[in-house]
Structure formats: structure tokens, C-alpha cells
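Enquirer: Sharing a sequence plus its predicted fold:
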Amino acid sequence: MAPETSRATNSPGESLLPAGTPIDLDNCAREPIHIPGSVQPRGVLAVVDEHDFTVRHVSANVADLLDRPVDAVLGHHIAGLIGADQAAMLEQASANFGDLRQRNPVECVIDVAGEPMEFDAILHRDPGGLLVELEIAHGERPYSFPNTYQAVRSSVEELNRATTLSELYDTTARAVRDLTGFDRVMVYRYDEDFNGEVVAESKRPDLNSFLGLHYPSTDIPAQARALYEKNWIRLISDVDYTPAPLIPGTDAATGVPLDLTYATLRSVSPIHIEYLKNMGVRASMSISLLRHGRLWGLIACHHYSGPHLPPFGSRAAAEFLGSTLSLRLVDQYEEDELQRRLAAQEILAELIVATLDDDTPLVETLLNAPTLLDLVPADGVVVELEGQTVLRGMVPPPDAVGDVVAWARTGHREIAATDRLSDELPDLDLDPGVAAGTLVLNLPDGQYVAWFRREVLRSVDWGGDPHNKAIAVAEGDEVRLSPRRSFERWRETVRRRGEPWTPSETESAAALRRHLVESLYRRTRGALRVAEVMHRSLMPQSIPTLENWQLSAQYEPAAGGRVGGDWYDAFELPDGRLIMLLGDVAGHGITVAGTMAQLRNALRAQLFTGATPAEALHQLNEFCLHLLPGVFATVIVARVDLGTGDVEAASAGHLMPYLTSSGQAWQAPIRLSPPIGARGANYRLSTFGIEHDHGLVMFSDGLVERRGEAIDDGIDRLARTLGRPGDTPATLIWESTRTDDSDDDITIITLQRR
């Protein structure tokens, strides 16, 4: 292609090479093309100090074009370069402190070897000074040429009438060729990876067509693309030019070469010149196409029959057409996107309305008509919400879906999308006929929605083999790496790629995610309210009032309204003995509250019929393993003879209770057994006594666990609290140890013998 090119790997993150470094194919992606130190010799470049208009730099060809010795120009007023009258004109033109582009060109008549010659002076203000470029005005003055304005005007009107992108491209290619006279004019569009495609072409009838050809991103390195975003037009009028160096080569103040980013005469990369010569191109011009300030494509012009220098006015008109096309492209693109968004919003609105019905599971609302596959077209979708996993269409096996979702969660992304799953997960043996691309919505608590698209085989016609460099490297060190020599049509079949996800599709998915998060939160809040009511209804409405004993209990739910699995119980048996117990089911929410209710009732029944604490825990464990597989709970049970103070107790993995007396606290001598839910567990009975003025304190782990603190520290803190003189009823214990750092329920039950 005509843009400033090389054949090397793009390395935008790497620093540019020092000026003057020899350039080859391996390092050209780091070539500092904005500071070449020379200009194309079709004009003279002078850098002028705007304070006194002395010339600080001048190109060495000043003697050839203007018949001025370099020594007579450098350090002198610009009048020595162009004459006093013309210098006054330039000073007046540069008096505008804004953008000088609108004043270009300043039409000058300069005396050259006694003959008056017309020049175009092109001005640009730069931190290094005022850049003055003097080009010979060949032929008639462009701005007095009567058809220029009409040509632009009719082309702009045609662009405004275009209703499709194809019409916009074709109109622009024809108009720019008519204006500039190049043998071939192409509109060149980038994809998301900066590979280019020729989407329109106007050419000489005898030339072979480049329409539809693709060119790899490595043909235009990153620093060249960045330059096109700043300077919208670049002309090489003769690829056989000999660069005219700048004198002096570096800026005296900074010690670095002069930045020629905005210079129309800027010399170009020798690798690029070789690239053009390999294509048979003798002159070229490129005009940037931008969308929201970013490079979207180029208008690329080629000339084959010899050097070609369109007048500045024609180039300016072509640049104006490029700007107009950029605006129309944005309008047309956004209009097309708007239509797609409106259609998607209609489907999204129906899905959102359906999710408002809290009595219907979310997966059903998303997979009825319309479905998630209507919102974001794909070959299959997997939904995991509210404990349900449902799929529609063609999707990978469950294990593979799990790996894809795990990849999507890396980096804590809300949405992850790719059309190249095999690149993202090379070790995952995915069938591309099922899943070559995916779009995943990450939702709270490990929930997700994942769309999948299968492989779409497509043929890409390249302008020459894009793997040219790799081939040259394989041939050995004796082969010089040079730009591509072959530009014949080379067809590649692209595999393991899905249809790319469009911006409107990802926006629709993002909007759906926001609504799903809100719906899940609303439904969770409702479920938590139900769980809280259920939980509190399972707590004892009252506890026994005992003669010569004081029984107390305290329950506090976790902060943030999370309903946990704590429960306690206290009741007298028919024979007068007291049962007191405390349990904790792992987890939170309505499911845990339901599990807690089943364990509470089963344990109550066993103890009421006379089972010892150890026997009751054994029966509870059998019940849990058979009817509630996967449930995990800890329980402490004590049976107290209120007459003698004798205690029978058993613990299923629960924290040890404390015995207390005035000023002392120590752990009760209870043997620890496995938690409820453990297979093969054996629950052992322990016995001890509660003497007069002694007490027993049971508690859940929420009392002693704190964020960022070891549980042993919490147990030590509780022991110090219980060891203080005086009574220790449950309420006092809770008030003495409460903090804002607990994430769990707190349950305390105490028994004090008077």
C-alpha cells in the first residue's frame, strides 16, 4: 500500500530508535520517522525564529532551488531567503497566533538567479520554530483554477446523497483521482487489528485491480499510524528522490533532530521507498480518514508512469474531501449502529419486563420468546442463575464452559468477549465447529451468561503473502530482509475464528447485565426477608425460667441483613433435666435457613425421646448424610441435671464452651468429635459438673471471628471477658465483645447456677 510502511512486528510499547540508526526490516517498526533529518527536494524547508524571523535551519537544497548559499541564509533574516517583500508577507501571515493551516499557501514570487518564480509557502507553527516550506508552484495557480471548487462542491454533494458506506467509498476514490491525477486511488480501511482492506478503487483501465485485497498490519507500523493521526496528508512526488539534509541537523537548544511531523516535505523511511519500488510505484500520496480522532483508514494514491506532483491546491482539496468522507463515515456508521441499537433495545425491553416477575425463575424469563439469542445472535448460550443451569443451542461440554467462564473472570471483568477462543485458551481442546468465539457476562456469586459462536470459515485475499518476513527468516542469515517483493493476490483461509462481536452487541449485553444484577439483588433481598422471618420463627419464643438457675440467650444477625445458619434451643425434658444446645449451618440465605429448620427439629425429636447428646448427634448425622447430602454444620449439646448440676455433653466440631466462676473462665472438658455431615463420624459423650456460683457459656463462631484477625485472638478476648468478676448473662457478653468487624451471626446461650 502507499502509506509509510515496513514489514516488521508492531511494537508500539517499545521506544523508538535513536536518530541515525541504520534501518532494516527487523527494527523499522521502531524507526523515528518524525525526525528523519532531511526533506524531499521538491521544496526548501526553513525553520524561522518567530521573534526576529532569523533562519535557524534550512535544507541543503536551498542552493539548487533558490540559488542561495546556505551560509547566506542561516542566522540571517528570512528576507535573505525569499526577498524583503515576500518576507513581510510571511510575517503578516504568521501574525495569527492560531492554526496557520487556513492561511496556506501564501503565494510568493521569489527571485531565482534573476528570474521571478512563483512559489507556495506553507506555514506551520512548531515548538522548534515557524516551519516555512517553499514549493515551486508548477502550472496554473490551483486556487484560480475554475474547476477545482466545482469539483469539490459536486463531490461533497454526491457524498451527502450517499446512503451506504460503499457509495461513500466509491465517490471519494473517483473524486480524489479526478482532482489529483494519480493512476490509482484507493480507499483503505483498517480492521480492529489494523490489517487493511481496499474497499474502493478508481484506476487507469490497464492496471490490475487491488479492490478487495487485504494488507497485514505490519505493512504500516504503529508509529506511522500515529503520525497519520496528526498530519492528515503525505506526498512522495518521486520515489527516486535524493534526500536533502537539514542544516544544522540538530536543534541547538535541545540537541535532538528537528521534529518534522507536520512538514509536507518530510523525508520518508528508506524501507518504505523500497516497498513502493517493489510495487512499481513512482509517486504516492496518502490522506488520513479519522473517526473521533483515531485513524480509521486512508485514501491511498499511486502513480506508475513517473514522478507526479499535484499542485498544493489540489492536494488541499483532496484532503478536504478526506475530511468530508471522515465525517460522513462517522454519520453513516452511527446511523447504522443506531438502527441496530434500536432493534436490540426493543428486545432488551421485553426481556427486562419479563425479569420483573419474581415468581418466575430468571433463566425461564431469559430463554422464553424473545430469548437471549435474539438479543445477541449466537449459535448457543449457557445461563447459570439462581442455582439453575440451562443451555440453548450448540455449546461446549460443561467442563469446557467452566474453563471459558474462569478465563472470562480473570482481571475482574464485567464482560469478556473474543472471536478467537483458541488464542485465549490454547490448551483447551475446543471444537471450533461449536465454539470459536464467546461473550460472557460475569454476575455476582459465580453466576454468568455465556454466548458461543462457532467457526466461520472465510477466505481473505492478501496483496502478497503476509508471512513474507517469516519466510525470509527461514531461508537463513545470508538472505537480506527486505520489504515484500510479491503483491500478487494470495488467498488465505481463516480458521478457528467466530463472527466478531459488534459494539452494539456488547452494549446490549452490558445493559442486560446491569438489569440482571438489579433483578438478582431485588430477588435476593426478598429471599433474605423470607429467610429472616423463617429464621426468627425457629428461635425459641421463650426459654425456661428455672429455680436456682439463671438461663439467658442472645441472637444477633450478621450486619447487612445476611441471614446465617445459627440456632439455639433450650427446653426441659419430662424428667426435669434441661437441654441446651447451639448449632451453626455453613452458609447464608433462605436455603440455609431451611436446612437449619430441619436439623433443629430432627435434633429436638431425638433429645426429647431420651437420647443422650452423643446418641442424638449420631442420629442427626445419619439423617443429614441420607436426606441432606453436602450439608455441613457444627453443634454443641448439653443435658443438665438441675438438681445435682451434673452435665452430659457432646460436640460435633463446635467451639468449646466455657465454664465460669467469679473471676475465672476455662474451657469445659468436652471431647471434640467431627462436624455433622462427616461420614463415619463417632460422637463421644463427656461428663462434668456445674457447681454452685459456676456457669456454662455456649457461643457461635461469630462472637470470636473478626476480619483480619486469628480466631485464637478472639477466643482469648472472650476468655478475658468471661473471667471478670460478676454474672455473665448472654446480653452482657454480647455487649462487651461487639464490634463492627463481624461478618457472621452471633449466638450466645448461658446457664448460671445460683
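Expert: Alright, I've got the coordinates. Residues are numbered from 1 along each chain as shown.

Enquirer: Tell me the buried residues in stretch 174-188?
Expert: Under the neighbour-count criterion of 16 or more other CB atoms under 10 Å, stretch 174-188 has 174-180, 182-188 buried. C-beta: built from backbone N, CA, C; applies to glycine.

Enquirer: Max pairwise distance over these: which two?
Expert: Using CB to CB, the buried residues of stretch 174-188 reach their maximum pairwise distance at Asp178 and Tyr188, which is 18.6 Å.

Enquirer: ends of stretch 55-65, how far apart?
Expert: Its start and end residues considered, stretch 55-65 measures 17 Å (CA to CA, to the nearest Å).

Enquirer: now stretch 416-425
Expert: Its first and final residues considered, stretch 416-425 spans 13 Å by CA to CA.

Enquirer: Could you check how far it is from the centre of its chain?
Expert: Taking CA atoms, centre = their mean, to the nearest Å, one finds stretch 416-425 lying 13 Å from the centre of the chain it belongs to.

Enquirer: what's the average pLDDT for that stretch?
Expert: For stretch 416-425, mean pLDDT rounds to 92.

Enquirer: cool, stretch 428-436 as well?
Expert: For stretch 428-436, the mean per-residue pLDDT is 89.

Enquirer: do the same with stretch 712-721
Expert: For stretch 712-721, the mean per-residue pLDDT is 88.

Enquirer: Any buried residues in the helix or strand hosting Cys301, and which?
Expert: Cys301 belongs to strand 294-303 when assigned by DSSP states H and E. Neighbour counts over strand 294-303 (16+ other CB under 10 Å) mark 295-303 as buried.

Enquirer: nearest spatial neighbour of Ala416, skipping sequence neighbours?
Expert: Leaving aside its chain neighbours, Ala416 sits nearest to Ala408 (3.7 Å; criterion: CB to CB, 6 or more residues apart in numbering).

Enquirer: what's the first-to-last distance across stretch 406-423?
Expert: Stretch 406-423 has an end-to-end distance of 15 Å (criterion: CA to CA).

Enquirer: likewise stretch 306-320?
Expert: Start-to-end, stretch 306-320 (CA to CA) is 26 Å.

Enquirer: my guess is Met656 contacts Ala665, does it?
Expert: No - with contacts counted by CB atoms under 8 Å, Met656 stays clear of Ala665, the gap being 11.5 Å.

Enquirer: sorry, back to before: out of the buried residues of stretch 174-188, which are inside helices?
Expert: Under the assignment DSSP state H, the buried residues of stretch 174-188 contribute 174-180 to helices.

Enquirer: Turn those residues into TSV, including pLDDT and distance to Val704.
Expert: Listed next are those as TSV, based on pLDDT from 0 to 100; distance: CB to CB, whole Å:
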residue	pLDDT	distance to Val704
Arg174	90	81
Ala175	87	80
Val176	89	78
Arg177	92	82
Asp178	88	85
Leu179	86	83
Thr180	89	82
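
Enquirer: Which of those residues sits closest to Leu703?
Expert: Within those, proximity to Leu703 (CB to CB) peaks at Val176, which comes in at 79.1 Å.

Enquirer: Output the lowest mean pLDDT helix or strand found in the protein.
Expert: Lowest mean confidence among the helices and strands of the chain (mean pLDDT, DSSP states H and E): helix 468-474, at a mean of 41.

Enquirer: Give the burial count for Glu735, as a bare number.
Expert: Here the number of neighbours of Glu735 (other CB atoms under 10 Å) works out to 11.

Enquirer: care to break the chain down by domain?
Expert: Per automatic domain parsing, the structural domains of the chain span 28-333, 356-457+499-527, 539-753.

Enquirer: For Gln339, find the nearest of these.
Expert: Nearest to Gln339, of those and by CB to CB, is domain 356-457+499-527 at 9.1 Å.

Enquirer: Chain neighbours aside, what residue packs nearest to Asp641?
Expert: In space, Asp641 comes closest to Arg577 once its chain neighbours are excluded; the distance is 5.6 Å by CB to CB, 6+ apart.

Enquirer: and that neighbour, what are its phi and psi?
Expert: phi -80, psi 160 (degrees, to the nearest 10).

Enquirer: Contacts only, for it.
Expert: Counting by CB atoms under 8 Å, 6 or more residues apart in numbering, Arg577 makes contact with 639-642.

Enquirer: repeat for Thr737
Expert: By CB under 8 Å, 6+ apart, Thr737 lies in contact with 703-704, 717-718, 721.

Enquirer: Leu751 bridge partners, please.
Expert: Beta-bridge pairing for Leu751 (DSSP bridges): Leu551, Leu696.

Enquirer: if I read this right, Ala593 contacts Gly565, doesn't it?
Expert: Yes - between Ala593 and Gly565 a contact is recorded at 7.4 Å, counting by CB under 8 Å.

Enquirer: For the stretch 651-754 of the chain, which segments count as strands?
Expert: With DSSP state E, counting those that start in this stretch applied, the stretch 651-754 of the chain shows strands at 658-661, 664-667, 672-673, 686-689, 695-699, 746-753, listed in chain order.

Enquirer: Contacts for the longest strand along the chain next, please.
Expert: Taking DSSP state E as the criterion, the chain has its longest strand at strand 115-126. Residues from elsewhere that reach strand 115-126 (CB under 8 Å, 6+ apart): 47, 50, 82, 86, 90, 93-94, 100-101, 103-111, 130-137, 141, 259, 262-264, 311-312.

Enquirer: Filter the residues you listed down to just the buried residues.
Expert: 47, 82, 86, 90, 93-94, 100, 103-108, 110, 130-137, 259, 262-264, 311-312.

Enquirer: among those residues, which are in strands?
Expert: Those of the buried ones among the contacts of strand 115-126 mapping onto strands are 47, 106-108, 110, 130-136, per DSSP E.

Enquirer: Can you tell me which of those is nearest Ala586?
Expert: Leu131 (73.4 Å).

Enquirer: so what's that closest one bridging to?
Expert: Going by DSSP bridges, Leu131 is paired in beta bridges with Val47, His124.

Enquirer: Output the contacting helices and strands for the host helix or strand of Leu366.
Expert: Following DSSP H and E, one finds Leu366 within helix 362-367. In terms of contacts (3 or more CB pairs under 8 Å, 6 or more residues apart in numbering; DSSP states H and E), helix 362-367 is packed against helix 312-355, strand 380-385, strand 388-393, helix 503-538.

Enquirer: residues contacting Thr264?
Expert: 43, 122, 133, 135, 233-235.

Enquirer: will you turn the domains of the chain into JSON lines that also has distance to Leu348?
Expert: Formatted as JSON lines, the domains of the chain follow (distance: least, CB to CB, whole Å):
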{"stretch": "domain 28-333", "distance to Leu348": "21"}
{"stretch": "domain 356-457+499-527", "distance to Leu348": "6"}
{"stretch": "domain 539-753", "distance to Leu348": "29"}
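
Enquirer: closest to Arg341 out of the ones you listed?
Expert: Closest to Arg341 of these, according to CB to CB: domain 356-457+499-527, at 5.1 Å.

Enquirer: separation between Gln554 and Met89?
Expert: Gln554 sits 93 Å away from Met89, taking CB to CB, to the nearest Å as the criterion.

Enquirer: same question, Ala710
Expert: Distance, Ala710 to Met89, using CB to CB: 83 Å.

Enquirer: So what's the residue count around the closest residue to Pro370 other than its chain neighbours?
Expert: Of all residues not flanking Pro370 in the chain, Ile347 sits nearest, at 4.9 Å (CB to CB, 6+ apart). Counted with other CB under 10 Å, residues neighbouring Ile347 total 17.
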